[in-house]
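A.B. asks: got a structure for you, letters missing:
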Ligand SMILES: [Ca+2]
Ligand SMILES: [Ca+2]
């Protein structure tokens, strides 16, 4: 029940604040210097840039992803995604199905920040081989799309697309961590003596934390 009373009398009071979503960038405590460097130079150099990947931070990953970490697979979390590194399957289509069947999807790079983070993650664990991206032009030559249906908002092609991308043999895309994480179109599967040996990164949604900010 409410009651009208003199405004000068002593009372307890309660303050109400808006609910705030935690910025995972702040949780990670990471700097943006790597992103700035890459934006300036075109490609980040792992030898000279700040490490953006925060080793061991997986608190916002699902129990399923944490179980992968317990099994010995390398796991990382950044912003709204968690990433798990697998050494197989080697060919693109089985790798895509493998990620889908584990309630995730093949790695999609949607921003410069994600590109730098994943590049640092791979370098941290000494990955030199090509890493499959969930990007392909299997349906229409030259029209590259993500397996998730996400818009293509960022690319980091190794060379001019006309030189390397627009052909009917190279319909899948790999990231090359040993070459500053640049992307290159390549064959989706083993052809003759050419191996399709690749590393697979599956991407999963991270848990979105909600905290109530309580001030003084
Ligand atoms: Ca992504
Ligand atoms: Ca193609």
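C.D. replies: Looks like it came in fine. Bear in mind that the values here come from a model prediction, so they are computed numbers and not experimental data. Ligands and ions are numbered 1, 2, ... in the order given.
A.B. asks: Report the distance from the lengthiest helix in the chain to the chain centre.
C.D. replies: With secondary structure taken from DSSP state H, the chain has its longest helix at helix 112-124. Offset of helix 112-124 from its chain centre (C-alpha atoms, centre = their mean, to the nearest Å): 8 Å.
A.B. asks: so what secondary structure elements neighbour the helix or strand following it?
C.D. replies: Heading C-terminal from helix 112-124, the first helix or strand you meet, by DSSP states H and E, is strand 131-136. Applying 3 or more C-beta pairs under 8 Å, 6 or more residues apart in numbering; DSSP states H and E, we find strand 131-136 packed against helix 92-101, strand 105-106, strand 145-146, strand 172-176, strand 200-205. (C-beta placed from N, C-alpha, C; glycine too.)
A.B. asks: Among these, which comes closest to residue 116?
C.D. replies: Among these, strand 172-176 comes nearest to residue 116, with 11.7 Å by C-beta to C-beta.
A.B. asks: Who does the closest one pair with, and is each partner parallel or antiparallel?
C.D. replies: strand 131-136 (antiparallel), strand 182-186 (antiparallel) (DSSP bridges).
A.B. asks: lowest-confidence stretch among those strands?
C.D. replies: Among these, strand 182-186 carries the lowest mean pLDDT, a mean of 91.
A.B. asks: any residue of that one up close to ligand 2?
C.D. replies: No. Strand 182-186 does not reach ligand 2 (C-beta under 5 Å from the ion); its nearest approach is 5.9 Å.
A.B. asks: Just give me how far that strand sits from the chain centre.
C.D. replies: With C-alpha atoms, centre = their mean, you get 17 Å for strand 182-186.
A.B. asks: Which secondary structure element is home to the residue of the chain found nearest ligand 1?
C.D. replies: Closest approach between the chain and ligand 1, counting by C-beta to the ion: residue 108, at 3.9 Å. Counting by DSSP H and E, there is no helix or strand that carries residue 108.
A.B. asks: ok, how many other residues are close to it?
C.D. replies: For residue 108, the neighbour count with other C-beta atoms under 10 Å is 21.
A.B. asks: and if you look at residue 57?
C.D. replies: 18.
A.B. asks: All further residue positions should be reported with the first residue as 21.
C.D. replies: Renumbered: residue one is now 21, and that last one reads residue 77.
A.B. asks: Tell me if I'm right that it and residue 99 touch.
C.D. replies: No. Using C-beta atoms under 8 Å, residue 77 is not in contact with residue 99; the gap is 11.5 Å.
A.B. asks: From ligand 2, how far out is the residue nearest to residue 130 when sequence neighbours are not counted?
C.D. replies: With sequence-adjacent residues excluded and distances taken as C-beta to C-beta, 6 or more residues apart in numbering, residue 130 is closest to residue 173, at 5.5 Å. Taking C-beta to the ion, to the nearest Å as the measure, residue 173 falls 20 Å from ligand 2.
A.B. asks: Right, I'll leave it there.
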